[in-house]
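A.B. asks: need the 3D shape of this:
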Amino acid sequence: MPPWLQTIPDLATDQYHIDILCAHLVNRPSQFDVIVASNLFGDILSDLGPGVTGTIAIAPSANLNPERVHPSMFEPVHGSAPDIAGRGIANPIGMVWAGAMMLDHLGHAAAHDAILGAIEEVLAARTELTPDMGGGATTSSLGLALVEAVLRG
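C.D. replies: Purely as a prediction, here's the structure:
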């Protein structure tokens, strides 16, 4: 266990080999709150986890330096999605959520919460879903729906 994890009181942890962790993540995803992994395994798991939900497009990702000595990086799990570039159908939620995570990491919890609330509201309404989620919305219309939800929030 990394030394910084040992400093968190009452933290329950488990350790798994990557193969059984993948099986548990597919069969019982709700048992995991946070997964800490090396870069290689973290990259694999950050595709597998959201893939279980049916789309990787809404999943954010963060490579954190908990000691805050080096920069942390925030990005959508799906990366740049070059296969759909320029078509106006990319789901922006993963990127927006990654930005919200960055805001939280930088100490702006209220902004994070407002954005996450907007994401939840828009997804629950199911009126502005991009094709990856079975809808017909565009990148722009889904983005605008998120902005409007933040402003209402």
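A.B. asks: ranges for the strands of this protein?
C.D. replies: Secondary structure of the chain (DSSP state E): strands at 60-63, 73-76.
A.B. asks: and those, which one's lowest on average pLDDT?
C.D. replies: Mean pLDDT across these is lowest at strand 60-63; the value there is a mean of 88.
A.B. asks: on that earlier part again, distance to residue 102 added to the strands of the chain, as TSV?
C.D. replies: Where you see a C-beta, it was placed from the backbone N, CA and C, and this is true even at glycine. Shown next, in TSV, are the strands of the chain (distance: least, C-beta to C-beta, whole Å):
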stretch	distance to residue 102
strand 60-63	8
strand 73-76	4
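A.B. asks: kindly reformat these as CSV containing mean neighbour count and distance to residue 133.
C.D. replies: Output for those, formatted as CSV (neighbours: other C-beta atoms under 10 Å; distance: least, C-beta to C-beta, whole Å):
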stretch, mean neighbour count, distance to residue 133
strand 60-63, 18, 16
strand 73-76, 19, 14
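A.B. asks: and these: which comes nearest residue 42?
C.D. replies: strand 60-63 (7.5 Å; C-beta to C-beta).
A.B. asks: if I look at residue 28, how far off is residue 90?
C.D. replies: Distance, residue 28 to residue 90, by C-beta to C-beta, to the nearest Å: 31 Å.
A.B. asks: compare these two (neighbour count), which wins?
C.D. replies: Between residue 28 and residue 90, residue 90 has the larger neighbour count (other C-beta atoms under 10 Å), namely 24 against 9.
A.B. asks: gap between that one and residue 11?
C.D. replies: When distance is defined by C-beta to C-beta, residue 90 is 37 Å away from residue 11.
A.B. asks: likewise for residue 3?
C.D. replies: Counting by C-beta to C-beta, the gap from residue 3 to residue 11 is 13 Å.
A.B. asks: ok, the most centrally placed residue in the chain - contacts?
C.D. replies: Closest to where the C-alpha atoms of the chain average out (C-alpha atoms, centre = their mean) is residue 60, at 2.1 Å. Applying C-beta atoms under 8 Å, 6 or more residues apart in numbering to residue 60 gives the contacts 74-77, 94-95, 97-98, 100-101.
A.B. asks: residue 104 touches residue 112, doesn't it?
C.D. replies: Yes: contact criterion C-beta atoms under 8 Å: residue 104 and residue 112 qualify, at 3.7 Å.
A.B. asks: which of the contacts of residue 60 lies closest to residue 129?
C.D. replies: The closest of these to residue 129 turns out to be residue 94 (C-beta to C-beta; 13.8 Å).
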